[in-house]
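Visitor: sequence first, predicted model second:
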Amino acid sequence: MKRRKADVVVVGAGTAGMSAFRAAREEGANVILVESGPYGTTCARVGCMPSKLLIAAADAADAAHRADAFGVRTGKVKVDGVAVMNRVRKERDRFVSLAVEEVDKIPASRKVHGHARFVSHDTLSIDGHTEIQARAVVLATGSSSIIPDDFKALGDRAVTNDDVFDWTDLPGSVAVFGTGVIGLELGQALHRLGVRVRMFGEGGKIGPLTDDAVITEACSIFGQAFALDTDAKVLEKTRKGDSVDITFKKPNGRKTTENFDFVLVAIGRSQNVKQLGLEMTSARLGDKGIPSYNRRTMQVGKLPIFVAGDNDSDPPVLHEAIDEGRIAGVNAARFPAVKPGLRRAPLAIVFSDPALLMVGERFSDVDEKAVVIGEISFKDQGRSRVMLKNEGLLRVYADRKTGRFLGAEGVCPAAEHVAHLLSWAVQQKLTVATILQMPVYHPVIEEGVRDAFRDAEEKLKG
Ligand SMILES: Cc1cc2nc3c(=O)[nH]c(=O)nc-3n(C[C@H](O)[C@H](O)[C@H](O)COP(=O)(O)OP(=O)(O)OC[C@H]3O[C@@H](n4cnc5c(N)ncnc54)[C@H](O)[C@@H]3O)c2cc1C
Ligand SMILES: NC(=O)c1ccc[n+]([C@@H]2O[C@H](COP(=O)([O-])OP(=O)(O)OC[C@H]3O[C@@H](n4cnc5c(N)ncnc54)[C@H](O)[C@@H]3O)[C@@H](O)[C@H]2O)c1
């Protein structure tokens, strides 16, 4: 058993951990980075990047299908599954190698490989081969996909995002369980690439949306494109040779059995906090075993323990993981001189088409009586119609008394760009009146966004 000492131990070499490691090093701390799995981050290996690669191929297929409506004849569109997955894997590997290169630049003396767990309040054991006593610890252990027992019975036919991007060809059919972020992004992409897809959800939810009007619009748009039931009644899932039979009730109540090559399980992810030996510390463990922490300092109680990334209770998105890692790394190095770091306006985008956006306060968090809601349907919005992307709904929430723009939810064209514009306005605490003084070009999607604020302005007057 090796015994070592460090100012800071960072557990997890993902996006948040690497950010924490860099920040603590910049503060001059003696830092050790511990990683139990392969280097290269969830984002690059099985997350953001390969999913966007699959979506890019799907968008190309969709554009080819739509070309006819503009008078552009492409002939029969053929999706070459082997070529699609080749590009996904090749580009994925490139992104992974860039992330691994960053880890390779760290001297070997600063890295330990193995699973870290607390054996006392200030000491971590790494797989029993090394013990590190630290002045402060950053836990950046991420999250993992979930496969419940009823899916495990389907063996290798039940897959998650950890498996999809290793496919060497596209399958014929996939049943997607979960109409959240991963389910919607991957499910729509596979459908557009010619895979027969049926999506089974729970509780009427779609993506991260909380605004019923936007949820209804999103369900209507996606439901016209592929088989989608956000409140599915699944009766049975049975392995049949190399495929799976799923018996379910259709929304009209009819019992049906359909056969699929794979079942994609996308029903949420679980934070990696349970195997960390946190019970050996005095951390107060809340819901799902996540230690309670201050989201401005990332500190767990008054302890020299900090959290960052997908293992905490903040939204599991990449830019938040980087920010949290930086705050945790700086504070771990400076402990006990801990200070609040920058937290930005909430921003979430789902890369479906049309994409979903959530900015600032969520609809479920605003007091409906205290806000006005401005909205715009994109059905007749000029530029959207030009591009045959004229569908969707954007709703903006503004404080009834002050006119301050609080947040928005939407499913609309160019949502990934609109979302940034809106989140910057939220962070700058702009009012509806100030937003309406800003320039808007013609003809652009942002004219639709302005219409939503004009609607809010009218309602503020009333
Ligand atoms: C399919 C998919 C698509 C996504 N798309 C997007 C997107 O488009 N945009 C976006 O913003 N976000 C996206 N995300 C979310 C984004 O990937 C995460 O927010 C981000 O990767 C979280 O980084 P992290 O450092 O917290 O976790 P990770 O990168 O998972 O790092 C955690 C590390 O900790 C290690 N570890 C765990 N326990 C221990 C232990 N006890 N000891 C040692 N090491 C340990 C793990 O092996 C892992 O390497 C997506 C996620 C998925 C799954
Ligand atoms: N574009 C992005 O930023 C992006 C992309 C992918 C993932 N992510 C992150 O990854 C996280 C995890 O994504 P996710 O899609 O796994 O989780 P999620 O929480 O977004 O969605 C899970 C969905 O599965 C449903 N569900 C739960 N149990 C079910 C069951 N038995 N059958 C059918 N449906 C069931 C839930 O009601 C929910 O709608 C997200 O919260 C997101 O922040 C982000």
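Guide: On my side now, so go ahead. Ligands and ions are numbered 1, 2, ... in the order given.
Visitor: can we go C-alpha only for contacts and neighbour counts from here?
Guide: OK.
Visitor: next, Gln224: phi, psi?
Guide: Reported as degrees, to the nearest 10, the phi and psi values for Gln224 are phi -80, psi -20.
Visitor: typo on my end, it should be Glu409
Guide: Phi and psi for Glu409, reported as degrees, to the nearest 10, are phi -130, psi 150.
Visitor: give me the pLDDT for Asn30.
Guide: The confidence metric pLDDT takes the value 98 at Asn30.
Visitor: who are the packing partners of the helix or strand where Leu124 lies?
Guide: Applying DSSP states H and E as the criterion places Leu124 in strand 123-126. Under the contact criterion of 3 or more Cα pairs under 8 Å, 6 or more residues apart in numbering; DSSP states H and E, strand 123-126 touches strand 116-120, strand 130-139.
Visitor: could you see whether ligand 1 lies near the first one?
Guide: Yes: using Cα under 6 Å from any ligand atom as the criterion, contacts between strand 116-120 and ligand 1 involve 116-117.
Visitor: who touches the strand holding Leu124?
Guide: For strand 123-126, contacts defined as Cα atoms under 8 Å, 6 or more residues apart in numbering pick out 34, 112-119, 131-134.
Visitor: got the CA coordinates for that strand in PDB?
Guide: Only the C-alpha atoms of strand 123-126 are listed here, as PDB (Å, rounded to 0.1, in the frame of the first residue of the first chain):
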ATOM      1  CA  THR A 123      -8.100  10.100   3.500                       C
ATOM      2  CA  LEU A 124      -9.100   8.300   0.300                       C
ATOM      3  CA  SER A 125      -8.200   4.700  -0.600                       C
ATOM      4  CA  ILE A 126      -7.700   4.000  -4.300                       C
END
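Visitor: who does that strand pair up with?
Guide: strand 116-120 (antiparallel), strand 130-139 (antiparallel) (DSSP bridges).
Visitor: could you look over those strands and pick the most buried one?
Guide: strand 130-139 (a mean of 23; mean count of other Cα atoms under 10 Å).
Visitor: what strands line up against the helix or strand following that strand, and which way round?
Guide: Next helix or strand after strand 130-139 toward the C-terminus (DSSP H and E): strand 143-145. When pairs are called by DSSP bridges, strand 143-145 turns out to pair with strand 269-271 (antiparallel).
Visitor: returning to what we had before: out of the strands paired with strand 123-126, which is closest to Asp211?
Guide: strand 130-139 (33.4 Å; Cα to Cα).
Visitor: is ligand 1 within reach of the closest one?
Guide: No: Strand 130-139 does not reach ligand 1 (Cα under 6 Å from any ligand atom); its nearest approach is 8.2 Å.
Visitor: same question for stretch 185-204.
Guide: No: Stretch 185-204 stays clear of ligand 1 (Cα under 6 Å from any ligand atom), getting no nearer than 8.0 Å.
Visitor: sorry, back to before: can you redo the strands paired with strand 123-126 as JSON lines with distance to Asp323 and mean pLDDT?
Guide: JSON lines is the format used below for the strands paired with strand 123-126 (distance: least, Cα to Cα, whole Å; pLDDT from 0 to 100):
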{"stretch": "strand 116-120", "distance to Asp323": "23", "mean pLDDT": "97"}
{"stretch": "strand 130-139", "distance to Asp323": "13", "mean pLDDT": "98"}
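Visitor: count the residues that sit near Leu342.
Guide: Using other Cα atoms under 10 Å, Leu342 has 12 other residues around it.
Visitor: so what's it up against?
Guide: Applying Cα under 8 Å, 6+ apart to Leu342 gives the contacts 296, 323, 327.
Visitor: could you check how far stretch 254-270 is from the centre of its chain?
Guide: Here stretch 254-270 shows a centroid-to-chain-centroid distance of 20 Å under the convention Cα atoms, centre = their mean, to the nearest Å.
Visitor: for it, buried residues please.
Guide: For stretch 254-270, the neighbour count (16 or more other Cα atoms under 10 Å) marks 259-268 as buried.
Visitor: check stretch 327-341 too.
Guide: Buried residues in stretch 327-341, defined by neighbour count with 16+ other Cα under 10 Å: 327-335, 338, 341.
Visitor: do the same with stretch 212-231
Guide: Neighbour-count burial for stretch 212-231, counted by 16+ other Cα under 10 Å, picks out 214-215, 217-219, 221-222, 226, 228-231.
Visitor: show me what contacts Phe21?
Guide: By Cα under 8 Å, 6+ apart, the contact list for Phe21 reads 10, 31, 33, 325, 329.
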